[in-house]
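Give me a 3D structure for the following:
(one chain, ligands or ions: 1)
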Amino acid sequence: MAKVILGLSGALTHDPSAALYVGEKLVAAAEEERFIRDKHAKNKMPLHAARFCLEYAGIKPEEVDVVAFPFAEVGLDSPGRWYFAKRYWYAPDRALDALFNGNRHYRRNVKRVKGLLSELGIDWDRITFVPVEHHLAHASSAYHLSGFKEKTAILGIDGKGEYATTFFGYGENGKIHKIKEFYDPDSLGGMYGAFTQYLGFEMLDGEYKVMGMAPYGDPSKFDLSPLIDFDGNDFRVNTKLVNTVGMRRYKDEKGKGYYFSPKLIEWLGPPRKGDSADFPYIDYAASMQNLFEEISLKLIERYLGDILRETGKLCFAGGGALNVKLNQRIIALPHVSELFVQPAGSDSGTAVGAASHAAAQMGISVEKLHHVNLGPSYTSDECIAAVQARDEKPQWEKVANVPEAAAEILENGNPLAWFQGRMEFGPRALGCRSILGCPSIKGIADRINEQIKYRERWRPFCPSVLDSVAEDLLQTDHPAPYMTFTFEVAEHWKSRIPEVVHEDGTARAQVVTRETNPVYHDLLKEMERRTGNGVVLNTSLNRRGEPVVCTPEDALNMFYGCDLEYLLMEDILVRKKGKGA
Ligand SMILES: [Fe+2]
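Numbers count the residues shown, from 1 in each chain. Below is the predicted model of the structure:
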């Protein structure tokens with residue numbers, strides 16, 4: 001009987017999720033935020049997500065063999081605790097806590113896992129509990145799912161796990177080896193996150209907005225290098241400015257604390273407020289992005305260069321792996337032949353990472369990630385039942401041909417809410433819970449913003465691209481199934497799909513193959529037949545600040561809470577009254 005391994009994330013009090021392996025197969029994975037409708041589901045455990053995974057797989061609680069969790073005990077002999085204590089000498093309570101009570105978070109996490117398992121009906125005394133170091137879980141989520149067989153360089157960048165913040169290692173014959181780690185407070189992710197707060201966004205959420213703002217600015221106008229000291233081997237974040245603790249932090253009028261200091265404000269001026277992309281903040285964003293890229297690339301060369309020269313394969317996970325601009329530059333490195341980024345790069349992916357790591361320790365070699373359509377799906381009848389339960393008495397019909405019906409709506413210049421198959425795992429909508437538009441129609445991005453997203457005007461929308469045109473459009477045959485990279489858009493495509501080309505001429509593209517999502521692929525084919533371009537604009541199916549839609553009920557709540565006019569759930573087309581197709 002195949003081993004049943006349940007992976008859980010939520011170790012750092014954000015992005016809880018669950019993933020279920022049956023033998024070498026990843027059967028289901030989902031993020032808790034989708035079920036409880038609370039973005040990042042802070043301070044929650046993945047109860048609904050785990051319940052879904054077990055139900056989907058038809059696994060009873062007593063059939064679970066292993067529970068894996070991405071947070072482990074750190075011994076007093078480990079360098080992380082001592083490093084932390086020395087670097088935080090100015091906040092002695094923290095420093096002493098690391099030395100004398102360094103596994104406080106671990107013990108709390110075990111208690112939380114025990115509570116969760118008892119709610120799920122899983123007997124703690126019967127299962128094997130496998131705690132996995134946080135950065136090993138990130139590394140595993142990339143390496144073991146990459147499908148790479150040769151020696152593979154592994155990179156991990158996030159805010160912080162137990163103590164480690166940055167991981168360099170390699171995978172060989174199914175085993176992960178560490179080369180070098182950096183420890184809190186020396187964190188590239190922490191520096192970027194603190195600066196994200198300074199630029200007026202939420203940490204652990206707004207980093208990609210800083211990245212989106214960067215192309216509007218000039219990275220040479222401000223030198224942000226005082227934020228970090230890098231000598232080619234080691235780096236130290238200047239905690240007098242960012243990644244600060246305690247008294248050095250800045251608090252706003254309401255008493256909310258930030259991870260940057262009053263000194264940073266003295267230097268750069270007041271933190272940014274509002275939705276606009278103005279000077280000097282766009283230049284700051286450009287400088288931060290540039291600093292992050294430059295140091296990351298130098299560290300990759302320093303610690304992974306030899307392996308890359310040998311095999312060219314690199315895996316990347318952790319919140320920093322969602323930095324698609326850095327990823328574009330990594331792919332461009334002369335010795336990198338292929339980069340695999342775990343699509344759930346931030347902590348939600350550590351559920352898969354912990355579980356796959358536990359599997360590897362048991363001698364199970366887990367299969368390559370084929371797609372991220374790992375969440376719940378709903379039948380046509382379930383969609384009809386949800387529609388009929390609405391007070392609005394929606395106008396709906398069953399369409400005979402889903403791709404054709406969708407393409408007609410898009411071709412007519414309308415945005416479309418598109419709900420098909422299993423929900424995606426990870427932050428990107430990849431054609432299962434998406435809002436779509438025709439990228440050749442000028443103004444469609446603005447219409448989507450007006451009708452639903454209400455997001456910052458300067459943020460780019462992204463394309464899903466038919467596999468047969470991807471190489472011509474993106475000028476590369478590098479795999480790109482998960483929107484984890486940006487690419488330069490070929491000159492002759494820019495005027496054809498202007499709505500999905502960013503300010504700097506790049507696009508964060510998803511290349512769609514028939515095997516992973518046949519109905520979405522058919523839609524792209526139909527768009528190509530009608531418009532000449534096998535491309536759609538694809539943004540996630542949610543309103544600003546809300547998690548991506550999970551159920552038909554969520555889709556309808558969103559639909560009636562915004563000005564979108566068309567919603568296609570499986571083969572059920574719902575339209576707002578008085579609107580013709
Ligand atoms: Fe993490």
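
for the nearest residue to C462 once chain neighbours are set aside, what are its contacts?
Residue nearest to C462 in three dimensions, not counting chain neighbours: R508, with 4.5 Å by Cβ to Cβ, 6 or more residues apart in numbering. The way it works is simple: take the backbone N, C-alpha and C, and place the C-beta from them, glycine included. By Cβ atoms under 8 Å, 6 or more residues apart in numbering, the residues touching R508 are V324, P460, C462, M483, F485, T486, H502.

sec struct for the fifth one, please.
What that stands for is F485. Assigned with DSSP: H, G, I helix; E, B strand; the rest coil, F485 falls in the coil class.

pLDDT score assigned to the residue nearest to C462?
You'll see R508 listed with a pLDDT of 96.

mind giving me CSV with the contacts of R508 and columns for pLDDT and distance to the ion?
Shown next, in CSV, are those (pLDDT from 0 to 100; distance: Cβ to the ion, whole Å):
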residue, pLDDT, distance to the ion
V324, 96, 18
P460, 82, 25
C462, 96, 24
M483, 97, 20
F485, 96, 20
T486, 95, 22
H502, 91, 27
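
Which one (most neighbours) among those residues?
Of all those, the highest neighbour tally under other Cβ atoms under 10 Å goes to T486, namely 27 neighbours.

May I have the phi/psi pair for the residue nearest to C462?
The phi/psi pair for R508 (degrees, to the nearest 10) reads phi -90, psi 90.

got it, and the one 10 residues further on?
Note on P518: backbone dihedrals following degrees, to the nearest 10 are phi -60, psi -40.

Could you count how many residues lie near it?
14.

what's near enough to touch the one residue in the stretch 51-200 of the chain that gets nearest to the ion?
Relative to the ion, the nearest point of the stretch 51-200 of the chain is D158 (3.5 Å; Cβ to the ion). Contacts for D158 (Cβ under 8 Å, 6+ apart) come out as H134, H135, H138, T165, S187, G189, G318, G319, G320, S346, D347.

which residue packs closest to it, ignoring adjacent ones?
G318 (3.6 Å).

Show the pLDDT at the one you found.
Predicted confidence (pLDDT) for G318: 97.

Tell me where the model's unsure across the stretch 451-581 of the chain.
Where the stretch 451-581 of the chain drops to pLDDT under 70, the residues are 577-581.

Verify the stated contact: L155 with L304.
Yes - if you go by Cβ atoms under 8 Å, L155 and L304 touch, sitting 6.6 Å apart.

Name the residues of the top helix by length along the chain that come out as buried.
Secondary structure of the chain per DSSP state H: the longest helix is helix 281-311. Neighbour counts over helix 281-311 (16 or more other Cβ atoms under 10 Å) mark 281-293, 295-296, 299-300, 303-304, 307-308, 311 as buried.

roughly how far out does it sit from the chain middle?
Using Cα atoms, centre = their mean, to the nearest Å, the mean C-alpha position of helix 281-311 is found 19 Å from that of the whole chain.

Stretch 66-75 too?
The answer for stretch 66-75 is 22 Å, by Cα atoms, centre = their mean.

what about it, near the ion?
No - using Cβ under 5 Å from the ion, no contact is recorded between stretch 66-75 and the ion, whose separation bottoms out at 7.6 Å.

what about that stretch, start to end distance?
One end of stretch 66-75 to the other measures 23 Å (Cα to Cα, to the nearest Å).

Write out the residues of the protein neighbouring the ion.
Residues of the chain lying close to the ion (Cβ under 5 Å from the ion) are D158, D347.

Mind doing that once more with 6 Å?
By the rule Cβ under 6 Å from the ion, the part of the chain lying against the ion is H134, H138, D158, G161, G318, D347.

Helix or strand for the closest residue in space to P547 that isn't next to it in sequence, just tell me which one.
Using Cβ to Cβ, 6+ apart and skipping residues adjacent in sequence, the residue nearest P547 is E33, 4.2 Å away. Using DSSP states H and E, E33 falls within helix 32-36.
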